[in-house]
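Asker: Structure for the following, please:
(one chain, ligands or ions: 1)
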Amino acid sequence: MSNSKGPVIVITGTPGTGKSTHAQLVVDESPIPLQHINVGEWVKEKRLYEEYDEEWQSYTVDEDKLLDELEPLVTTGGVILDWHTCEMFPERWADLVVVLRCDHSKLWDRLEKRGYPLKKIQENNEAEIMQVVLDEARSSYAPEIVVELQSENTEDLETNVGRIVAWISAWKEDHS
Ligand SMILES: Nc1ncnc2c1ncn2[C@@H]1O[C@H](COP(=O)(O)OP(=O)(O)O)[C@@H](O)[C@H]1O
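Answerer: Numbers count the residues shown, from 1 in each chain. Below is the predicted model of the structure:
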C-alpha cells in the first residue's frame, strides 16, 4: 500500500531462510526509514494468538487481532513485514513481496542450530522443498511484485539486500 512515508515490503520464506537477517540489513541501508516488524515476535509479545500448540511448539495466530494491529502501521507505510507466511495479509497491503529460498540441507542445519524439534525441522524442510511459501505468494499477489531470491551464503545476502535497497530508491524517486 503505497503512501507518503514509504513502501510496504513483505519478506517471507520458510523459517531459517534468512528473513530477519535480510530485513535488518535492508533497514540499515535503506534510503527511507523503515520499521522492521518481525510478525512472529509481535504475535508473542502482543499475545495475538489463540493458543500455544505444545506438540508443534508454535502459536495459533488470531488473524483478526493481528491484522487489526498491523493495519495502522501498514497504512502509514515504511514497514517491512517479516513472516513465514504471507497469504493472510490483504493483497492491497504489499508493494513488494520477497520470497527467500534456501537449499534444504543448508536449511536443515540452520534449523537444527536453532534447536527446533526434529518434527518441526522435517515439516519446514519439506515445505521448502515443495516451495509452499513461494506458491502462496504467487497465488496471493500480482506476479510483478513477487520476487524469489536465493539465500544460501553471504554473497546472496549482499546481492539481495542491494537489490531490495535499489528497489526502495526507485520507489523514493517515483514518490518524490
Ligand atoms: N544468505 C545467508 N547466508 C548465510 N547465512 C544465512 C543467510 N541467511 C540466513 N542465514 C543464517 O541462517 C540463520 C537463520 O536466519 P534468520 O534471518 O533468522 O531466518 P528467518 O528470519 O527466515 O527465520 C541465521 O543464523 C542467519 O545468520
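
Asker: Pull out the buried residues from stretch 54-72.
Answerer: Buried residues in stretch 54-72, counting neighbours by 16 or more other C-beta atoms under 10 Å, are found at 58-59, 61-62, 66-67, 69-70. Bear in mind the C-beta positions are built from the backbone N, C-alpha and C, glycine included.

Asker: Tell me the one among these nearest to A170.
Answerer: Among the buried residues of stretch 54-72, L70 lies closest to A170 (C-beta to C-beta), at 24.7 Å.

Asker: follow-up on the earlier one: wait, which of the buried residues of stretch 54-72 is closest to E51?
Answerer: Using C-beta to C-beta, the buried residues of stretch 54-72 come closest to E51 at Y59, 7.4 Å.

Asker: Tell me which helix or strand the closest one sits in.
Answerer: strand 58-61 (DSSP states H and E).

Asker: List the pairing partners of that strand within its sheet, with orientation.
Answerer: Using DSSP bridges, strand 58-61 pairs in its sheet with strand 49-53 (antiparallel).

Asker: Determine how far the strand it pairs with lies from the middle of the whole chain.
Answerer: In terms of C-alpha atoms, centre = their mean, to the nearest Å, the centre of strand 49-53 is found 21 Å from the chain centre.

Asker: Only alpha carbons, please: show it as CSV.
Answerer: What follows is strand 49-53 as a C-alpha-only set of coordinates in CSV (Å, rounded to 0.1, in the frame of the first residue of the first chain):
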residue,chain,number,x,y,z
TYR,A,49,-2.7,-15.8,19.4
GLU,A,50,-5.5,-18.2,20.3
GLU,A,51,-3.4,-20.9,21.9
TYR,A,52,0.1,-22.4,22.1
ASP,A,53,0.5,-25.8,20.5
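
Asker: what mean pLDDT does that strand have?
Answerer: What strand 49-53 shows for mean pLDDT is 85.

Asker: buried stuff in that strand?
Answerer: Neighbour-count burial for strand 49-53, counted by 16+ other C-beta under 10 Å, picks out Y49.

Asker: What parts of this protein come near the ligand?
Answerer: Contact residues (C-beta under 6 Å from any ligand atom) of the chain with the ligand: 13, 15-21, 110, 151-154, 156-157.
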